[in-house]
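> For reference, the sequence and a predicted model appear below.
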Amino acid sequence: MKPKTDNNFMRLEFAARSENEGFARIAVASFLSRLDITLEEVEEIKTVVSEAVTNAIIHGYEEDESGTVIIETTYTAANIEITVADHGIGIADLEEARQPLFTTKPELERSGMGFTIMENFMDTLEIETEIGRGTRIRLVKKLTKNEALCN
Amino acid sequence: MSLRVDMETVNYVLIVRLEGELDHHTADMLRTEMEKHLAENQVQHILLSMANLHFMDSSGLGVILGRYKQIAARGGDMVVCSINPVIYRLFELSGLFKILKIKESEQEALLVLGVA
């Protein structure tokens, strides 16, 4: 039987305010709720969405709430793809930003673990960034269970 | 859902019970409340109970590390208990396990701190 999960898609844009972090991760999780994924996978996805959105708010917009964050989520039978984009300041040194425990804002008690968590909880992490233009994070998670069904 | 913080001090141990979601939005509130409690009460150790914490991200790691530094500066310990598997991996990735003690339950955590 052909799976009915080919290229379903959603797009969400919201104000870069910290109270929307919870909304963003729950919106993505509920969009994915039709999929046969484990609770642990759902929690991992919520965590990485939270990391990416928090980065956009704190670093991209430096807590200027007039900015917006855009999330797109697509799923097929084989994988889930999430992009989180902002039109903020961009990342000056990407290599440095990706280092575990590195943070530009230690005074805010940032742990510097955001990208490390995204990398570990997902199968792919890609970062596109341009100074003054913004940052786009692409995250992919393979659906192991569904993949087995397809084969 | 947001974060509820319940705090009590038992024999110089500040017990902090977290309920709900600990993210960037709620981390500031937790930091403020814990700092206030640490300033006003005689506290030697911190016990963080996560039995009812449903969600945490790296903002939670930051605020926990910050309070650990505060209590370590006083010569105290921090014990974390009842962690769910996904949050456990966050602790693992960040290396926080090297400085914090992890226990299954509040009771075990209090035993380690010599209180129960």
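Ah, there it is. In this text, all values refer to a predicted model and were calculated from it rather than measured experimentally.
> List, one by one, the residues from chain A near chain B.
A:18-19, A:21-22, A:25, A:40, A:43-44, A:46-47, A:50-51, A:54, A:57-58, A:100-101, A:108-114, A:116-117, A:120-121 (Cβ under 8 Å from any Cβ of the partner chain). The way it works is simple: take the backbone N, C-alpha and C, and place the C-beta from them, glycine included.
> From those residues, keep the buried residues only.
A:18, A:21-22, A:25, A:43-44, A:46-47, A:50-51, A:54, A:57-58, A:100, A:108-114, A:116-117, A:120-121 (16 or more other Cβ atoms under 10 Å in any protein chain shown).
> Just the ones of the residues you listed in strands?
If you go by DSSP state E, these have nothing in strands.
> Which of the residues you listed fall within helices?
A:21-22, A:25, A:43-44, A:46-47, A:50-51, A:54, A:114, A:116-117, A:120-121 (DSSP state H).
> Need the three-state assignment for the residue nearest to A:G132 when sequence neighbours are not counted.
Of all residues not flanking A:G132 in the chain, A:G90 sits nearest, at 6.0 Å (Cβ to Cβ, 6 or more residues apart in numbering or on different chains). Under DSSP: H, G, I helix; E, B strand; the rest coil, A:G90 falls in the coil class.
> Is it correct that A:G90 is in contact with A:T129?
Yes. Counting by Cβ atoms under 8 Å, A:G90 does reach A:T129; the two are 4.8 Å apart.
> what residues do these two have in common as contacts?
A:T135 (Cβ atoms under 8 Å, 6 or more residues apart in numbering or on different chains).
> Give the full set of residues in contact with B:V86.
A:E40, A:E43, A:E44, A:T47 are the contacts of B:V86 under Cβ under 8 Å, 6+ apart.
> quick one: the second one from B:Q42, how far?
Translated: A:E43. According to Cβ to Cβ, to the nearest Å, A:E43 and B:Q42 sit 37 Å apart.
> Does B:N41 touch B:T9 like I think?
Yes. B:N41 is within contact range of B:T9, at 5.1 Å (criterion: Cβ under 8 Å).
> These two: who's more crowded?
Each of B:N41 and B:T9 has its neighbours counted (other Cβ atoms under 10 Å in any protein chain shown); B:T9 has more, 15 against 12.
> secondary structure element for that one?
For B:T9, the host element (DSSP states H and E) is strand B:3-10.
> Please name every helix or strand in contact with that strand.
The contact analysis (3 or more Cβ pairs under 8 Å, 6 or more residues apart in numbering or on different chains; DSSP states H and E) places strand B:3-10 against strand B:13-22, helix B:24-40.
> Using CSV, lay out those together with mean neighbour count and mean pLDDT.
Below are the helices and strands packed on strand B:3-10 laid out as CSV (neighbours: other Cβ atoms under 10 Å in any protein chain shown; pLDDT from 0 to 100):
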stretch, mean neighbour count, mean pLDDT
strand B:13-22, 21, 97
helix B:24-40, 17, 95
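> what's the closest of these to chain A?
helix B:24-40 (3.9 Å; Cβ to the nearest Cβ).
> right, and the helix or strand after the closest one?
With DSSP H and E, the next secondary element past helix B:24-40 is strand B:45-56.
> That next one and chain A, are they touching?
Yes. Judged by Cβ under 8 Å from any Cβ, strand B:45-56 and chain A are in contact via B:F55.
> Run me through the strand neighbours of that strand, direction for each.
strand B:13-22 (parallel), strand B:78-81 (parallel) (DSSP bridges).
> Report the central residue of chain B.
With distances taken as Cα atoms, centre = their mean, the residue of chain B nearest its centroid is B:L48 (3.0 Å).
> and the residue nearest to that one when sequence neighbours are not counted, what pLDDT?
Spatial nearest neighbour of B:L48, chain neighbours left out: B:V80 (4.6 Å); criterion: Cβ to Cβ, 6+ apart. Per-residue pLDDT puts B:V80 at 97.
> these two touch, right, B:V80 and B:I102?
Yes. At 5.5 Å, B:V80 and B:I102 qualify as touching, with contact defined as Cβ under 8 Å.
> Which one's more surrounded, these two?
Between B:V80 and B:I102, counted using other Cβ under 10 Å, the more crowded position is B:V80 (23 against 17).
> OK, contacts around that one?
Residues in contact with B:V80 (Cβ under 8 Å, 6+ apart) are B:L47, B:L48, B:M50, B:I64, B:F91, B:L100, B:K101, B:I102, B:K103, B:A109.
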